[in-house]
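**Q** coordinates for the following, if possible.
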Amino acid sequence: MENVLPWLEPRDVAALALTCRTMAAAARDLTSCRAADAAQGLEGFAIPVVNCVDECRYPYFEYSPVSVLARERRAFAFPRSISEKNAAGFDYGQFGGDGCRCIDCCRGEQEDPGFPSQAPDDLTSAIELLDEDDDSDEALPSKKKRRLSSSSCPCGRTIFGERAYDSNSPRLLSFQNQREEEAPTPDDLPLIYECGPACSCTIQCCHRLSQRGASAELKVVRHPTKGWSLHAAQDIKPGAFICEYAGELLTTKEARKRHQTYDQSPRATSLLVVREHLPKGDACLRFNIDATNVGNIARFINHSCDGGNLLSCLVRSAGCCVPRLAFFTRKEIQSGQELTFSYGVVEPGLESSSRACFCGTSQCRGILPSEKT
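**A** Predicted coordinates:
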């Protein structure tokens, strides 16, 4: 039962609970375990589920701390450590590319000027997720080493070459010594490059901030109109990393097919379409993340028409083809406060094809953004 029950959906667990007292006791233990930790043991801390609205004890979905290809969808054992998954790198779209050869978490020696790139045999499954892809030149191998500090590391920077993170405090440098009213807007936050599978540093590197799972204590709370929502369980400073948006990576064709299915369903869905505008401005990469059935706690973050208290930022890791969507706090967040971000721009005239918005802000447009906006 310990091996089988965690894989069952709530209706199947409820059916087994009716068969005998032993099954009923096992079902109660499983329900209590799921309600005690929505992350199913895959984060560094438990994320409890709180529901004072109805009798639904917990939201059921397959938890994955990182995104996976849709056709390689798989449930993860319960429980399992996130460090084991992230330390191995991403399972999707790894390809040869430049990365640092820092030792001791980008604070020690590095091989100069580069390293031999190694690409896997099949890149088709990763590249087809994007409308366009950019190639990276292979670096030349070298055995020479030199001292390199975290401030000189080629990774951990923005698209403009500025340092992204404060190595002494795991936060965005843009928020250091900055008042809340001066905090950057979502449009001011540039693309961030992190260390990745192409680098020699460990998962504890200061330039892998968004790769270590959720970094703040959180809880999932049931809302009367919004459904499930994500709240802070501690005070969080501005610029702190919260989590990435993880789910199933879909092709555009599959995403549009699921959109049609979800539009006919009353259940809440979590399919996010992300468009990355390239620096030259003449092209745009699109990738689709569906956390409806497989995903992490980011699937509970609701929309806010005023932009919310989270900044969404694209993060590229050295050696990965597909970027990731990460969330950072744009202002100080108090314990118990709901975490929200903007799903996109809402344009008038699409009320009939969009779902109602219950953000409750003074700027609420009444409908949620959709792919058509």
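**Q** pLDDT-wise, which helix or strand of this structure ranks last?
**A** Across the helices and strands of the chain, mean pLDDT, DSSP states H and E gives its lowest value to helix 82-87, namely a mean of 37.
**Q** which residues of the stretch 51-200 of the chain score low on pLDDT?
**A** 71-97, 103-105, 107-152, 176-190 (pLDDT under 70).
**Q** from residue 209, how far out is residue 221?
**A** 26 Å (Cβ to Cβ, to the nearest Å). The C-beta positions use only the backbone N, C-alpha and C, and glycine is treated the same way.
**Q** neighbour count: those two, which is higher?
**A** residue 209 (24 against 20; other Cβ atoms under 10 Å).
**Q** pLDDT wise, what is that one at?
**A** For residue 209, the pLDDT comes out at 91.
**Q** and it, what does it touch?
**A** 165, 170, 194, 215, 241 (Cβ atoms under 8 Å, 6 or more residues apart in numbering).
**Q** I'd guessed the fourth one sits against residue 242; true?
**A** Yes. Under the criterion of Cβ atoms under 8 Å, residue 215 lies in contact with residue 242, with a separation of 6.7 Å.
**Q** and the two? Which one has more around it.
**A** residue 242 (25 against 19).
**Q** does residue 298 count as helix, strand or coil?
**A** helix (DSSP: H, G, I helix; E, B strand; the rest coil).
**Q** so for it, what's the nearest residue that isn't a sequence neighbour?
**A** residue 245 (4.3 Å; Cβ to Cβ, 6 or more residues apart in numbering).
**Q** ok, which stretches of the stretch 1-150 of the chain are helices?
**A** Counting by DSSP state H, counting those that start in this stretch, the segments of the stretch 1-150 of the chain that form helices are 10-17, 21-36, 82-87, 124-127.
**Q** cool, the stretch 251-373 of the chain as well?
**A** Using DSSP H, counting those that start in this stretch, helices in the stretch 251-373 of the chain cover 252-263.
**Q** okay, and for it, where does confidence drop off?
**A** Low-confidence segments of the stretch 251-373 of the chain (pLDDT under 70): 281, 348-353, 372-373.
**Q** can you do 80?
**A** Within the stretch 251-373 of the chain, the stretches with pLDDT under 80 are 263, 265-268, 277-283, 346-354, 370-373.
**Q** look up phi and psi at the closest residue to residue 307 other than its chain neighbours.
**A** Spatial nearest neighbour of residue 307, chain neighbours left out: residue 342 (4.9 Å); criterion: Cβ to Cβ, 6+ apart. Phi and psi for residue 342, reported as degrees, to the nearest 10, are phi -90, psi 120.
**Q** count of neighbours near residue 342?
**A** There are 18 residues near residue 342, going by other Cβ under 10 Å.
**Q** what's the answer for residue 363, then?
**A** When neighbours are defined as other Cβ under 10 Å, residue 363 has 10 of them.
**Q** ditto for residue 13
**A** Neighbour count of residue 13, defined by other Cβ under 10 Å: 19.
**Q** touching, it and residue 24? I think so.
**A** No. Contact criterion Cβ under 8 Å: residue 13 and residue 24 do not qualify, at 10.2 Å.
**Q** OK, contacts around residue 61?
**A** So residue 61 contacts 291-295, 299 (Cβ under 8 Å, 6+ apart).
**Q** repeat that with 6 Å
**A** residue 293 (Cβ atoms under 6 Å, 6 or more residues apart in numbering).
**Q** so residue 309 sits against residue 334, correct?
**A** No. Here residue 309 does not reach residue 334: they are 10.0 Å apart, not a contact under Cβ atoms under 6 Å.
**Q** so between those two, which is more surrounded?
**A** Neighbour count, other Cβ under 10 Å: between residue 309 and residue 334, residue 309 has more, with 22 against 9.
**Q** fine by me, thanks again.
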